[in-house]
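Trainee: coordinates only, no sequence provided:
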């Protein structure tokens, strides 16, 4: 972590302890008792805006943008340290204007947006006045293969006409959500990675219809929500296109790397929280004459969780560093590695914490089942584990093929017959 | 499976296909749209009672009671085959009056109830007129160690006075639930396994207060529900005691064996369903130029699921057979083996099916996340996996100690030094 | 197990205890000190022939052949029970003339051999006078895909001329091994499964050259051995062909099913032995103030081993039963299931037993590392795990496609959107 | 890696490629054909001494000693990078005088030896003229609990009289091995961690009897060897004691940390080698119409191996850094983390590489089974995995107990009932 960022990290931790933790219980209690689950109670708004104001006053605002004029100029590495802390209280990110998917959307707008796009959408986003969504996944195709994207945008009379269906559009249920970036197919006849584009669609645009909320293990996460939206002849002006037709994939390069690092680092924060809950429960309950922590394999479970948390943390920091040093494109294998490893392993750790809790572990009295649901989702989001594993393996095989010395050494063994075998 | 039971199995399959599957969608749609989630819509009642009536007419009613005068006299083995089918449609069991926890409660009443207890509670249960619950788990202690049970019952003036808290009382949310069997501590100074008793408490009794529903991964399973109940000076007549003071554990022996076999066999039905959904999805979607089923490790995942399903089925059938032949007590190790293996492995299979589904797999559009939540719960219910593993291992170690020939053979190796080592 | 076979099992157990266990230490000590490791010490021969004679006298001889005139007429199911016992002492099988690969070779000769082939080779094999080998695997190709077999046999002037290389020919190092069955490619232009044949080649035939022994984790298993053999213009008479040109695969069907069941059941015997060694060691050593068995996860490890042993046993018995009832061809999916599951899992159990033993576990003082090496080998032998998983999955997918009711039920879920999701 | 060390790493890689790889095949061929397996062929000595001389000339000699006057003054971190390279050719370490257990022994002598001890033993060790061994593990007790050490040393007339048995004394078979450091119990009545001492015993001392070599999965690793040694009234002068009576544990602190880092980093080198062999084999063989690398789960296996290799590398580097910065004692939790994670995971990776190789993978034609055996051993050496897991967990629980903020945050969840549960 850079010297510049250390005071920031400390300030964030202080902010969470002083301004976020204390409002959390009331905020969630109000949510539970809110009659209209898809809105915020005025007192919720008051609490949240109060915490946001305090963050602004402390200069803890919009620091997510790496090396940007608009933000703190944090490197991905520095941000990663902070993200682990943000992972421990689900309200923390928003108070700092660092919530997904706004961060990714703001980063994209900042990097490739026109001045007009920035004025209209980036400005109020940076100010924390509105929220945004990103519409990528489709219910009818395996959209992990981006070539399958079927939502179409056709240019007619200076307007893009959009038709199709998207789902799991996180944050689109929030009444403050005003704008979506939508991945569409604009050029079905172009080469595979030039067929897609990303385009700005206001939430309240004619033809945009929210069909309903998607659930995640029974949670609808209202009012944030993971919405299912239908686009019927939605017409937006030509200038709503981002960066240019056919550049959808390029834009994904911009957004996905940092976003995955933030996700994974927050996941590690969740794993640390799960480990603490496991230990706390294990120390506070007794069965068969012993503290639960001392029964059976529980100590080994704690050790393995700890080892994996540290391994994951180092790998995520390495990926962040790679992104800072090599750029998003060159770092993509590192990013795939963390994306394929972290959520799967964090799910396991949370599951073990649940098991130590007994029935309470899956109940609303514990955050664990919600944490599990959220981490389980990440094993699909931005590409399922399997796609990332394939990317990594293909790259590793190619690297092997490109390395004469690796091949020479390996062939010495695979082709030798006899004593060479003992070369261990 | 006995020749006697085969026609029954076929009749059950036919009943589910003709009378239960066709009402399922409407039944669940009505549940979703019901204003009071903790009640049944009249049309739901009509559908369920219609299916129950058809089951009665076909003679498919109350066949769960093994070797009982009141039931079909099915062996545990025969029932196990049927339970796997019941696991595939969540409405099926109730239409046949074979739902948990009623089956366990009816079995207990039939085996150890007084005539008066039978007349008052068993009769309407067998008739499918009321439902029941079993209150065992407590929020404040590790109740997997039954000695920890803290809900007390004290005899005063011919009445038991009950105080304490229970949670995860499944089915207690159903408006038709009229009676609970409650595990209480009656004799804190007796030896460990004579301290507990089971006692009948009507739901609407003064002092019984439903504090709210417990959630399971965000599901409250209304109106069935998993309720949190407080008992404050609940006074029931002395004759509500089951079988006699201090016999709570003995009664558990009666109920738990068969119940666990039913659970595990229904779990296998769930695993089969998950496997079918995995294959269906894998065949119907294409990514990267191939059907998903043909990508990466998916075929091996299917194979491993199939192998484990068959292994689990054989183990559960063996446990059922052991219970028929050896009795509940002697069969308990076999029952612990299935209880420790089946839910954990079925969770894995469902999780893999989810992964093949992409985001739909965790949504309300697929039954998979609900199935996962339910199976995950079973890893705690009736004792967490860890307790069962300990019981099994302790028994295996004891068996080893009791076997001269096993010890002799093992010691020949562990004490020898030299060529004996090569005896592989 | 059939009533007929129970006394046989008991007689086998008695024979092992009385006639095999007592000679084992001396037999292996002699092997260790033998100057020529590729021969038997005369005293070894004496011990072995003595035990064989006792088996003959007790009528425990050649009972491996299922439903054969020459053997006991044991079903595969009955034999399976016995094989688990044979798995516990590596000398046991040979004393009963039930060693691999002789059993498979004798079965093949008995089923498809000509009278002359039977007179020349089956007779001395059944008498226990000679031993035999089976040459299938090749060093230069992935012979798990049998189409890759490259050892050729060309008919010239009434003689088959064989050229190629085979390795891991188990038993070919034994000085008593006189005959090999060799898998060759005779018809490279025929359809894929008619290209191969099996042919009899005497060990001492001109052109047969033993290049050396292959090792298994450092063991060469002398004098039995896993030999590497080169065939250079080996000419055998036309009548050495088994069953007819192009029927190599059909013959494999005959031999592989029962052989895999024997292997898997012996593997289970090994797992039981490993579990006993684990318990014995766990009870006899103390660390940190406790018996090792009571430390950490060891009790759960014992429980999981026990559960899997029983699951595997039931699955192997089911496969044996399927083979008895349905025949080798129809039972092949069951056989693939045990082949894919059992050796992998037995390896794990042995590995856990090793870990409990500390350094002794991998030394020559314990049979565990040899047992591990042997079981590890089985994950390749007769097709690697991966091939069996693929066979199972392909069959399961096909079964699904052929079942209207499974498809209907699954599609009801995968196509529904909405309440159907809650149908768990 | 420090700027100072980078040229050294490159020089080491160059040395291995130019001076070690080219002699490896001949060296091992000579070993195989050597009549006396427990000696070196003169040509082997010539090859090894030649490579050592070249290393000396290049200044690549004795650089293992961190921050020492006698060595290169490498930090643990810098050394770790180099150790991964050394892991890829089993001759490499010795050519640089960096072999275990000499490195640990030299480090101990350098740190705590008297001038006389240094003159007599350290000098020829640093010169590469003799070799050494470390005798710790005992066959009769669970020596992972060091309090169990039973080899005794009693002071009589200015001499320590040593009695007991040790085994798995690696390197003690080498004819050049002249000195052992032996862990003995000197003060059975002192407090637990002051009972042990370490003492110098020359190999050829009266009363030192090599009972034989211990095997590792069938390998005896002659002539290096893992010897079983009996000490019968072995009398050594009082001044052979290292550092002082009762300081055995303190000395272990000195040696174990760096040794474990070297081991783990070499293990990672082995995993990289296994991965290369897996890819090479997967690319060079075809089955069922595809390269093996493209079948089933093989690509995912490669990806997972790659991810874990990078995770392990980062964790080992972190542990090395911790040792440099915090000292051996404070870094011990990091060292336990790598010791518990690395060998277990490297075993898995090697096992997967074996599986891709088919039968060749477990044969003497491939280094994989030897690599597996070696890594498997590391799961016991210097304390079994289980002991390290316990140390880590105990430390983590203690850290939790010492942290008010972690406890406060966790208790907020475990004690809350209600909306707090949703705080995910």
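Mentor: Received it, and whenever you're ready, just let me know what you need. Because the structure is predicted, anything quoted here is derived from the model rather than measured.
Trainee: any weak-confidence spans in the stretch 301-424 of chain A?
Mentor: Within the stretch 301-424 of chain A, the ranges that satisfy pLDDT under 70 run A:416, A:418-424.
Trainee: closest residue of chain A to chain B?
Mentor: residue A:218 (3.3 Å; C-beta to the nearest C-beta). Where C-beta positions appear, they are placed from N, C-alpha and C, glycine not excepted.
Trainee: contacting residues around the residue nearest to that residue when sequence neighbours are not counted?
Mentor: Among residues not flanking residue A:218 along the chain, residue B:218 sits closest, at 3.3 Å (C-beta to C-beta, 6 or more residues apart in numbering or on different chains). Going by C-beta atoms under 8 Å, 6 or more residues apart in numbering or on different chains, residue B:218 touches A:215, A:216, A:217, A:218, A:219, A:364, A:369, A:370, A:373, B:373.
Trainee: again, but for residue A:355
Mentor: A:361, B:379, B:380, B:384, B:385, B:386.
Trainee: next, format the contacts of residue B:218 as CSV and append secondary structure.
Mentor: Output for the contacts of residue B:218, formatted as CSV (DSSP: H, G, I helix; E, B strand; the rest coil):
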residue, secondary structure
A:215, coil
A:216, strand
A:217, coil
A:218, coil
A:219, strand
A:364, coil
A:369, helix
A:370, helix
A:373, helix
B:373, helix
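Trainee: most surrounded residue in these?
Mentor: Taking other C-beta atoms under 10 Å in any protein chain shown as the neighbour criterion, residue A:369 ranks highest of the contacts of residue B:218 with 30 neighbours.
Trainee: that one touches residue A:217, doesn't it?
Mentor: Yes: if you go by C-beta atoms under 8 Å, residue A:369 and residue A:217 touch, sitting 7.3 Å apart.
Trainee: what residues do the two have in common as contacts?
Mentor: Common contacts of residue A:369 and residue A:217, defined by C-beta under 8 Å, 6+ apart, comprise B:217, B:218.
Trainee: return the distance of stretch A:196-207 from the chain's centre.
Mentor: The chain centre lies 21 Å from the centre of stretch A:196-207; the measure is C-alpha atoms, centre = their mean, to the nearest Å.
Trainee: nope, stretch A:260-273 is what I was after
Mentor: 9 Å.
Trainee: what strand or helix carries the nearest residue to residue A:357 once chain neighbours are set aside?
Mentor: Excluding the flanking residues, the one nearest residue A:357 by C-beta to C-beta, 6+ apart is residue A:281, at 5.2 Å. Per DSSP states H and E: residue A:281 is located in helix A:248-284.
Trainee: ok, then the element right after that helix?
Mentor: Next along from helix A:248-284, by DSSP H and E: strand A:286-287.
Trainee: list phi and psi for residue A:180.
Mentor: phi -120, psi 140 (degrees, to the nearest 10).
Trainee: hey, what's it bridged with?
Mentor: residue A:133, residue A:201 (DSSP bridges).
Trainee: which ones are touching it?
Mentor: Contacts of residue A:180 (C-beta under 8 Å, 6+ apart): A:132, A:133, A:134, A:135, A:169, A:172, A:200, A:201, A:202, A:203, A:229.
Trainee: how about the residue of the stretch 101-250 of chain A found nearest chain D: what's its closest non-neighbour residue?
Mentor: For the stretch 101-250 of chain A and chain D, the shortest gap (C-beta to the nearest C-beta) falls at residue A:219, measuring 8.5 Å. Nearest residue to residue A:219 in three dimensions, chain neighbours excluded: residue B:218, at 4.1 Å (C-beta to C-beta, 6+ apart).
Trainee: quick one: the one you found from chain C, how far?
Mentor: 12 Å (C-beta to the nearest C-beta, to the nearest Å).
Trainee: how much space between that residue and residue A:215?
Mentor: 8 Å (C-beta to C-beta, to the nearest Å).
Trainee: now swap in residue A:386 and tell me
Mentor: Taken as C-beta to C-beta, the span from residue A:386 to residue A:215 is 23 Å.
Trainee: the strand or helix carrying residue A:316 vs helix D:298-326, what angle?
Mentor: Using DSSP H and E, residue A:316 maps to helix A:298-326. Angle, helix A:298-326 to helix D:298-326, by axes from the mean of the first three to the mean of the last three C-alpha atoms, to 10 degrees: 90 degrees.
Trainee: ok, residue A:286 - how many residues close by?
Mentor: Considering only other C-beta under 10 Å, residue A:286 is surrounded by 15 other residues.
Trainee: quickly list what it is bridged to.
Mentor: Assessed by DSSP bridges, residue A:286 has beta-bridge partners residue A:291.
Trainee: ok, it - contacts?
Mentor: Applying C-beta under 8 Å, 6+ apart, the residues near residue A:286 are A:292, B:142, B:145, B:148.
Trainee: make JSON lines from the residues you listed and add secondary structure and distance to chain C to it.
Mentor: Formatted as JSON lines, the contacts of residue A:286 follow (DSSP: H, G, I helix; E, B strand; the rest coil; distance: C-beta to the nearest C-beta, whole Å):
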{"residue": "A:292", "secondary structure": "helix", "distance to chain C": "14"}
{"residue": "B:142", "secondary structure": "coil", "distance to chain C": "17"}
{"residue": "B:145", "secondary structure": "coil", "distance to chain C": "16"}
{"residue": "B:148", "secondary structure": "helix", "distance to chain C": "20"}
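Trainee: whichever of the residues you listed end up buried, select them in ChimeraX.
Mentor: In ChimeraX, this line selects whichever of these come out buried by 16 or more other C-beta atoms under 10 Å in any protein chain shown:
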select /A:292 /B:142,145,148
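Trainee: pick out the lowest-pLDDT one from the contacts of residue A:286.
Mentor: Of all these, residue B:145 carries the smallest pLDDT score, 89.
Trainee: surely residue A:116 meets residue A:240?
Mentor: No: counting by C-beta under 8 Å, residue A:240 is not a contact partner of residue A:116; they are 9.7 Å apart.
Trainee: higher neighbour count, these two?
Mentor: Neighbours per residue, other C-beta under 10 Å: of residue A:116 and residue A:240, the larger number sits with residue A:240, 25 against 11.
Trainee: quick one, what contacts the more buried one?
Mentor: So residue A:240 contacts A:117, A:160, A:199, A:200, A:201 (C-beta under 8 Å, 6+ apart).
Trainee: apart from its chain neighbours, what residue comes closest to the residue nearest in space to the middle of chain A?
Mentor: Geometric centre of chain A, nearest residue: residue A:263, 3.7 Å, by C-alpha atoms, centre = their mean. Closest residue to residue A:263 apart from its sequence neighbours, by C-beta to C-beta, 6+ apart: residue A:378 at 6.0 Å.
Trainee: one more: residue A:165?
Mentor: residue A:230 (5.2 Å).
Trainee: what of residue A:373?
Mentor: Closest to residue A:373 by C-beta to C-beta, 6+ apart is residue A:217, at 3.9 Å.
Trainee: quick one, phi psi at the residue in chain A that chain C sits nearest to?
Mentor: Nearest residue of chain A to chain C: residue A:297, at 3.5 Å (C-beta to the nearest C-beta). Residue A:297 adopts backbone torsions of phi -90, psi 10, taken as degrees, to the nearest 10.
Trainee: dump the residue contacts of it.
Mentor: B:386, C:296, C:297, C:300.
Trainee: what's the spacing between the closest residue in space to the last one that isn't next to it in sequence and residue B:330?
Mentor: In space, not counting the residues next to it along the chain, residue C:300 is nearest to residue B:389; the distance is 4.5 Å by C-beta to C-beta, 6+ apart. Counting by C-beta to C-beta, the gap between residue B:389 and residue B:330 amounts to 19 Å.
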